[in-house]
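Asker: Using only what follows, build the 3D model:
(chains A and B)
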Protein chains: 2
Amino acid sequence: MPLLGLLPWRAWAALLSQLLRPPCASCTGAVRCQSQGTRDLSPQHMVVREKILDLVISCFKRHGAKGMDTPAFELKEILTEKYGEDSGLMYDLKDQGGELLSLRYDLTVPFARYLAMNKVKKMKRYHVGKVWRRESPTIVQGRYREFCQCDFDIAGQFDPMIPDAECLKIMCEILSGLQLGDFLIKVNDRRIVDGMFAACGVPESKFRAICSSIDKLDKMAWKDVRHEMVAKKGLAPEVADRIGDYVQCHGGVSLVEQMFQDPRLSQNKQALEGLGDLKLLFEYLTLFGIAEKISFDLSLARGLDYYTGVIYEAVLLQTPTQAGEEPLNVGSVAAGGRYDGLVGMFDPKGHKVPCVGLSIGVERIFYIVEQRMKTKGEKVRTTETQVFVATPQKNFLQERLKLITELWDAGIKAEMLYKNNPKLLTQLHYCESTGIPLVVIIGEQELKEGVIKIRSVASREEVAIKRENLVAEIQNRLSES
Amino acid sequence: MPLLGLLPWRAWAALLSQLLRPPCASCTGAVRCQSQGTRDLSPQHMVVREKILDLVISCFKRHGAKGMDTPAFELKEILTEKYGEDSGLMYDLKDQGGELLSLRYDLTVPFARYLAMNKVKKMKRYHVGKVWRRESPTIVQGRYREFCQCDFDIAGQFDPMIPDAECLKIMCEILSGLQLGDFLIKVNDRRIVDGMFAACGVPESKFRAICSSIDKLDKMAWKDVRHEMVAKKGLAPEVADRIGDYVQCHGGVSLVEQMFQDPRLSQNKQALEGLGDLKLLFEYLTLFGIAEKISFDLSLARGLDYYTGVIYEAVLLQTPTQAGEEPLNVGSVAAGGRYDGLVGMFDPKGHKVPCVGLSIGVERIFYIVEQRMKTKGEKVRTTETQVFVATPQKNFLQERLKLITELWDAGIKAEMLYKNNPKLLTQLHYCESTGIPLVVIIGEQELKEGVIKIRSVASREEVAIKRENLVAEIQNRLSES
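Answerer: Numbering: from 1, shown residues only, chains lettered A, B, ... in the order given. Down below sits the predicted model:
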């Protein structure tokens, strides 16, 4: 069996501490790390999130997706037996005399339930929302129990691999747009994974359990994964070792061709189907201009039970610190795949609606962007206020209120201090500390002369303009900057 | 006692059916009305919501607010004894071996907890998020158990009534901006409510319970509220009747002056403080140009326990169907007030942070706007796609993929059908049914001549342009429309 582009295990080991490094309160500026494993999002967090989500959503809309939302909780029975080994991490609601409910664990299962319930056969939708997982904060540090997901999915019966390729294109557009550095998208197919298991001699009853183990290869060393498969899941050591040979393979479309010739895989019908689709996929990815970002990777398994076809996962690459080393994987930032059977599980007659989709790992992206800003010492403004209304004299509250009303009513973002007689220095200091660019000043002299002073906070220059021209002048200045 | 602007009870009675009319699945186009009392939001809903929330949030930002978010659930102890009679409506999470948690019931208590926990003494923030209340869907129809709230709050010690007046200004800006028709904001003060109770002879131990009853006056007739107070809450009938006289009073600043002279109220220190603040408030509201939208209304009580000062509630007015009738109240669309004690309840040393804020009843607003669009037969586009990539011939998938990549990479919102060989008519029909304005067409002839056809879906006009000018030409056309 060919070993292509083997990533040295020492590199993986070196990564481990990085991957599990918690984005703890002191790192992120999080204001709380409650014992229940959630946190408040401060205005600083929110500004970063808003920018990132805007970019993600505008990409989803660029590809023709509709918005949608589902409730935070679902009937517990909807969610059970969809997530494999992780099902125990669901938050249940207390039985208060109604149905048994659980908080949603992802956005995919509610989407499938929605399609089946409304007999929707075709839909391209995005969904941004919170999901909840009861992971133990002490074991898997750095993960919060409440987090945001951004999903894009295409439901419907179409010609093969066209929507799948678009999902990969979207992942590329978003990751490029966010300027997170170099990245790579690993691609595999559940049918190839299962075919590989069959070819290696894994009993079919153990497929999903072994798949869950393989999925941990991005967080655990091979020897630990192997140990889990053999000691905990009862796999024969020689079977594990055969798998070990395959999961080290990754490469481009040439690896797909090579696998067609693999003596074991080429005997497996499922695997051949998967390889055929991957070949077509690479053709479309070339037309989309993103083939060089994609790597066929046999170690990619994806833990969730519901995948049936192509699966993928995007990882950021870190420039190597030592010459000769491969770029380091700093963690998954987007993932997805094809799930053709999930909708049918919710349909009374089992009617299937094939689906393919992706989820952007925005929490990790928020963290990376926040860290980068911190390193660069970048400050973010948490408000968008354009103009501050100030006075140098006492007893000018009424005039300030009239003035700020004019600004608000003209759509200008304006603030003033909630004091009858604030000191001018306090007012100007407020502008500097919060980044407000313009101050309009009204005092005795201005009132007498029918003018208003406009002050640039940066240059400290002041000019007097006629009161009636105030709004126009400010709009003018704001449109220039 | 003066009876000012008495709203006839028959009008209230007539309202009752309207107010309790459920926005049921068939009315709103909701795709599901699950037995658990929640619903999915379809793309149609989402488009309306996005527009309304954009307007609300941009108003909050215009007033200098920062964004913030808190987890969906809080420690149960944080939420208990904050909401008065409605506390039983909280959703609890199952005890899965950690703390006892409940889903948030509003955004105000989490905000107060955040301020206390982080020792924040001053903050102007907005928060848009879901909250959950286990109201019985069979009793209070038309309310869902999951709904969106949009809150704006100002925390901090400031000179009196300036932030309070700004909250009312914000409510006016939003309700005017949404063009929901005429509206009125009822204003009162908890200290006046309590002073009125004391003056009428309500025992202090019953203040909050009677306040809860009075709060129901917008949904129940006076005789039913009176019955609740007397029969269920043990109030003496003559005391109830005295309250009955007061709660019929509403008017402008002149009513404030009048109440200063009221023989009973003027003996009550608390009531006098409240009246003094209302007088100042009306002065600021006049400077903001919104005084005519505000009505001092002694029937306004607000059910929540945490209010301590000014309280307010905005109602939409409906043009009367019969001459001589007063405009009808079609329900509350925004509300809020001052809560100076809430933050202190979360501070170990009881340090207080005075707060005032408002909540926009966006669910009701969504419903009103959806109804209006339905009445007018307005259709909403649920996607923003600008260009569709089509072909009249077979075997043009590759060319379509290359073409759409160019468009996406130029930031143009584009779609195509996921078929190898779609029919031209199917493609054009897709554009018409989804409202896509432009089609770019590539076929054998176009490929040979190095051109692309651009077709306007509305006019059906087609022009051929050079392939290399495609993106520029489309951007040009889109900027014109």
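Asker: and A:V380, how far is that from A:L478?
Answerer: The gap separating A:V380 from A:L478 is 20 Å, by Cβ to Cβ, to the nearest Å. Just so you know, the C-beta spots here come from the backbone N, C-alpha and C atoms, and that holds for glycine as well.
Asker: meant to ask about A:P422, not that
Answerer: 24 Å.
Asker: Looking only at neighbour counts, state which of the two leads.
Answerer: Using other Cβ atoms under 10 Å in any protein chain shown as the criterion, A:P422 and A:L478 rank with A:P422 on top: 20 against 14.
Asker: For the more buried one, give me its contacts.
Answerer: Applying Cβ atoms under 8 Å, 6 or more residues apart in numbering or on different chains, one finds that A:P422 lies in contact with A:390-391.
Asker: can we see that at 10 Å?
Answerer: When the contact criterion is Cβ atoms under 10 Å, 6 or more residues apart in numbering or on different chains, the partners of A:P422 are A:390-392, A:394, A:396-397, A:400, A:416, A:430, B:159.
Asker: give me the beta-bridge partners of A:G129?
Answerer: With DSSP bridges as the criterion, A:G129 is bridged to A:Q149.
Asker: number of nearby residues for it?
Answerer: Neighbour number of A:G129 under other Cβ under 10 Å is 18.
Asker: same question, A:E449
Answerer: 11.
Asker: Break down the stretch 301-450 of chain A into its strands, ranges please.
Answerer: Remark: strands assigned in the stretch 301-450 of chain A by DSSP state E, counting those that start in this stretch are A:310-318, A:328-338, A:355-360, A:387-390, A:414-415, A:438-441.
Asker: average pLDDT across the first one?
Answerer: Meaning strand A:310-318. Averaging pLDDT along strand A:310-318 yields 92.
Asker: Let me know the angle separating that strand from strand A:328-338.
Answerer: Angle, strand A:310-318 to strand A:328-338, by axes from the mean of the first three to the mean of the last three Cα atoms, to 10 degrees: 160 degrees.
Asker: next one: strand A:310-318 to chain centre, how far?
Answerer: Offset of strand A:310-318 from its chain centre (Cα atoms, centre = their mean, to the nearest Å): 12 Å.
Asker: is it anywhere near chain B?
Answerer: No. Strand A:310-318 lies out of reach of chain B by Cβ under 10 Å from any Cβ of the partner chain, never closer than 14.2 Å.
Asker: Just the angle for that strand relative to strand A:355-360, thanks.
Answerer: 20 degrees.
Asker: Tell me, how many residues neighbour A:A271?
Answerer: Residues lying near A:A271 (other Cβ under 10 Å) number 25.
Asker: And A:D340, how far from chain B?
Answerer: Relative to chain B, A:D340 is positioned 15 Å away (Cβ to the nearest Cβ, to the nearest Å).
Asker: what's the closest non-adjacent residue to that residue?
Answerer: A:P354 (4.2 Å; Cβ to Cβ, 6 or more residues apart in numbering or on different chains).
Asker: pLDDT value on the one you found, please?
Answerer: 98.
Asker: Surely A:L287 is in contact with B:K402?
Answerer: Yes. Taking contacts as Cβ atoms under 10 Å, A:L287 lies within contact range of B:K402: 5.5 Å.
Asker: So in terms of bridging, what pairs with A:K186?
Answerer: Going by DSSP bridges, A:K186 is paired in beta bridges with A:S295, A:E313.
Asker: Could I get the contacting residues of it?
Answerer: A:218, A:250, A:294-300, A:302, A:311-315, A:329, A:332, A:335.
Asker: still on that earlier bit, can you add pLDDT, neighbour count and distance to A:I360 and give the contacts of A:P422 back as JSON lines?
Answerer: Listed next are these as JSON lines, based on pLDDT from 0 to 100; neighbours: other Cβ atoms under 10 Å in any protein chain shown; distance: Cβ to Cβ, whole Å:
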{"residue": "A:A390", "pLDDT": "98", "neighbour count": "25", "distance to A:I360": "43"}
{"residue": "A:T391", "pLDDT": "98", "neighbour count": "24", "distance to A:I360": "48"}
{"residue": "A:P392", "pLDDT": "97", "neighbour count": "18", "distance to A:I360": "50"}
{"residue": "A:K394", "pLDDT": "96", "neighbour count": "12", "distance to A:I360": "54"}
{"residue": "A:F396", "pLDDT": "97", "neighbour count": "22", "distance to A:I360": "50"}
{"residue": "A:L397", "pLDDT": "98", "neighbour count": "21", "distance to A:I360": "48"}
{"residue": "A:R400", "pLDDT": "98", "neighbour count": "23", "distance to A:I360": "45"}
{"residue": "A:M416", "pLDDT": "98", "neighbour count": "23", "distance to A:I360": "40"}
{"residue": "A:Y430", "pLDDT": "97", "neighbour count": "18", "distance to A:I360": "37"}
{"residue": "B:D159", "pLDDT": "98", "neighbour count": "14", "distance to A:I360": "46"}
